[in-house]
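>>> Could you work out the structure for the sequence below:
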Amino acid sequence: MLSRIAQQTLIYSLIALVIIWGYVPFLWDMGWPAYTLLGLALCSLIAWGVAGLTGLRTFLAKRSSQFGISLAISALAIAAILVTVNVVANLYNQKKDITQAQLYSLSSQSKNIARQIQEGMLIEVWTTNIQQMAPNQDLAKFLENYRIESGGKIKVQVRNPNNDNLLAKERGITKDNVILLRAASGRESRIDNLNKDKIEEQITNALVQAIKGVKKMVCFTSGHGEMSLESPDNGGLSSIKQSLENSSYQTKTVSVITNTDVPTDCEALVIAGPKSEPTDNGLEVMKKYLSSGGKVLILFGATTPQKWNALIKPYGVELRDDIILDLSVQPPTIVATQKFTPGIDIVSSLDRPVILPQAASLALPTSGKSGNFTVKSMVSSESRAFGKKKNGMKAIRAQMVAGDLPGPLSVAALVEDPRATPAKNEVPGGIEGLMPPSDGHFDGDGHDHGHDHGSIIPEWLGVSKAWAQNKKDASIPATLPPATDDKPSETKLVVVASDLFVANSFVSQLGNSDFFMNSVSYLLADKDVLGIRPRQLKATRLQLSSETDRKVLATVFLLAGLCFLGAIAAASRRRKSSL
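Numbers count the residues shown, from 1 in each chain. Next up is the predicted model:
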């Protein structure tokens, strides 16, 4: 009788203790109710053990009881091992990231940069509350990844500006939540406004800036109706400008119709969508820049005047007077393709299609050579696409007829002198050119969502008319600037037959931004970090308050206890019925 009373008192005391802890926090905070129940449970346990000592011996002597105790000990041992592993992993930041987007580990690019660091680097996080800096990320643990990958060359310190006033003043910290990166050589970079969705991108780019100490200049031409670097409109390049400047590059616009030379600080030149024919002076300036070893990214399209071929034809590339149509995509004037040429760094890492609106096709030499230069097609349309001549026509008949060029058709090409191309891992300039993968979307039938492209689609796209016979293109003869065999040219040329793919309305689509940034990185010899852009860290977590958290745990404990008691009751009933 005493044993049963003690047993029931123990059970009810424990249940009451869990209920108070989980659902009545003010009684728990008072202290004495919890201590009273805990003492009562402890006394009941002792009384139960004393009163049922004989029965306990009989119970322990049974084989089934010994098996159950062994099973319970094994379960506790496994739980203890798991808890120990978790604690050790938490202390030493050793985890296996099994999320599909690898949200809690560094990208391959960031690891590569961290491993290349030769001097000491200190990451100082100036904040009064590091948890509030990145609600979706354990920032302290994430920064620890950089220390691990660098082999200890990167140190991480979290400082409170209110507690370290003098040092904060010395560092120029005037606001909360600032990340300062300081190289042993004295170079610095800082992140004043941390974007919780682009943590790795910002930190890695700041790391690169602190290592290099100088940003390379990417110049955009003007004077021929090119897309504006500053314009936030659909057809502008403000998004590209922001991406470049966030990725350790400088940008500026240069006029090629008023200057006699491209400025000497321009390490790469971008010709983005000229609308008018090239002026004599502008053409000569750009030809001179190319022949002197310039690095040029040319973005043409179906609306580009044919006279611009005077710039690229000497290098074995010609922009055809056509437009590529793909009837499986709406509108059909958009080329959505993932046909990338293997072995070319610019596109080898792209894992998503590129979206090329109003693309023309490129004619390339069949031999793949133009003088000393190699000419390679990087991106081609899908086989289902075809090219229609548009010269002199007012409209397009959206169906393939005789004279149309069947796909696949080249839409992007790379021209370079292979004798001047550095080998893998022998890259001048080191580590720059960073950007996260695009976050736009483009559905399977080719529809672009959320953008108004009406203002940038020309009028001649809308009416039907037959097309003239299109002649077959042969290998283009090269009329190259003089070059000697003993001195390889450093000229590099990337030609893309679509200009609008980098416009604000399209650059966020699938692989477009990566394709552009890879091209710039390649021209600037930043090949070791091509296309492995840090991801945008977007994690969704269940955020519970401490009170809600206690209720959830209390419910779990009660349910587990009820299941345990039910099992005991069932076993007791079965034992009695067998007697």
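>>> Just the buried positions in stretch 269-283, please.
269-274, 278, 282-283 (16 or more other Cβ atoms under 10 Å). C-beta: built from backbone N, CA, C; applies to glycine.
>>> now swap in stretch 555-575 and tell me
Neighbour counts over stretch 555-575 (16+ other Cβ under 10 Å) mark 557-558 as buried.
>>> now stretch 139-149
139, 142-147, 149.
>>> Which parts of the stretch 201-350 of the chain are strands?
Using DSSP state E, counting those that start in this stretch, the strands of the stretch 201-350 of the chain run over 216-222, 249-255, 268-272, 295-299, 318-319, 322-325, 334-337, 339-340.
>>> Am I right that D265 is in contact with K215?
No - here D265 lies out of contact with K215, judged by Cβ atoms under 8 Å, at a distance of 10.6 Å.
>>> Looking at these two, which is more packed in?
K215 (17 against 11; other Cβ atoms under 10 Å).
>>> Could you give the bridge partners of the nearest residue to the more buried one once chain neighbours are set aside?
Once flanking residues are discounted, K215 sits nearest to Q250: 4.6 Å by Cβ to Cβ, 6 or more residues apart in numbering. Going by DSSP bridges, Q250 is paired in beta bridges with M217.
>>> cool, and S255?
Applying DSSP bridges, one finds that S255 bridges with S222.
>>> Surely it and S222 touch.
Yes - if you go by Cβ under 8 Å, S255 and S222 touch, sitting 5.2 Å apart.
>>> neighbour count winner among those two?
Using other Cβ under 10 Å, the more surrounded residue of S255 and S222 is S222, with 20 against 13.
>>> remind me which residues of the stretch 251-400 of the chain are low pLDDT?
391-398 (pLDDT under 70).
>>> Kindly report the same for the stretch 451-579 of the chain.
The low-confidence ranges in the stretch 451-579 of the chain, as defined by pLDDT under 70, are 451-487, 526-550, 567-568, 571-572, 574-579.
>>> Could you rerun that using 90?
Within the stretch 451-579 of the chain, the segments meeting pLDDT under 90 span 451-491, 505, 507-514, 517-518, 520-579.
>>> Would you mind putting the buried residues of stretch 139-149 into TSV with distance to I334, secondary structure and pLDDT alongside?
As requested, the buried residues of stretch 139-149 are exported to TSV (distance: Cβ to Cβ, whole Å; DSSP: H, G, I helix; E, B strand; the rest coil; pLDDT from 0 to 100):
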residue	distance to I334	secondary structure	pLDDT
L139	40	helix	86
F142	38	helix	86
L143	41	helix	88
E144	44	helix	88
N145	39	helix	88
Y146	40	helix	89
R147	45	helix	89
E149	40	helix	87
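>>> now, which of those residues sits nearest W28?
The nearest member of the buried residues of stretch 139-149 to W28, counting by Cβ to Cβ, is L139 at 32.1 Å.
>>> show me what contacts that closest one?
125, 130-131, 133, 199 (Cβ atoms under 8 Å, 6 or more residues apart in numbering).
>>> So which of the residues you listed belong to helices?
130-131, 133, 199 (DSSP state H).
>>> Tell me the one of these nearest A206?
Taking the ones in helices among the contacts of L139 together and measuring to A206 by Cβ to Cβ, the closest member is I199, at 10.9 Å.
>>> For that closest one, which residues are in contact?
134, 137, 139, 142, 537.
>>> okay if I get the buried residues of stretch 139-149 as TSV plus distance to P232?
Listed next are the buried residues of stretch 139-149 as TSV, based on distance: Cβ to Cβ, whole Å:
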residue	distance to P232
L139	31
F142	32
L143	33
E144	38
N145	35
Y146	34
R147	39
E149	37
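>>> I'd like to know which of those residues is nearest to L500.
When the buried residues of stretch 139-149 are compared against L500 (criterion: Cβ to Cβ), the nearest one is F142, at 36.7 Å.
>>> Model confidence score at D417, please.
Looking at D417, its pLDDT reads 85.
>>> could we number from 20 for the rest of this?
Sure, I'll start counting at 20 from here, so that last one is D436.
>>> if I read this right, it contacts S389, doesn't it?
No - between D436 and S389 there is no contact under Cβ under 8 Å: 10.3 Å.
>>> So for these two, which residue has more residues nearby?
S389 (22 against 18).
>>> Nearest spatial neighbour of the more buried one, chain-adjacent residues omitted?
That would be G335: by Cβ to Cβ, 6+ apart, it lies 2.8 Å from S389.
>>> Nearest residue to L29 in space, please, no chain neighbours.
Using Cβ to Cβ, 6+ apart, the closest residue to L29 is S63 (3.9 Å).
>>> Check whether that neighbour really touches L33, as I assumed.
No - at 9.2 Å, S63 does not count as touching L33 under the criterion of Cβ under 8 Å.
>>> any idea which element T574 lies in?
Here T574 sits within helix 565-597, counting by DSSP states H and E.
>>> Kindly report the same for V430.
Assigned by DSSP H and E, V430 falls in strand 429-435.
>>> Identify each buried residue in the next helix or strand after that strand, please.
Counting by DSSP H and E, the next helix or strand C-terminal to strand 429-435 is strand 511-515. Within strand 511-515, the residues that count as buried by 16+ other Cβ under 10 Å are 511-515.
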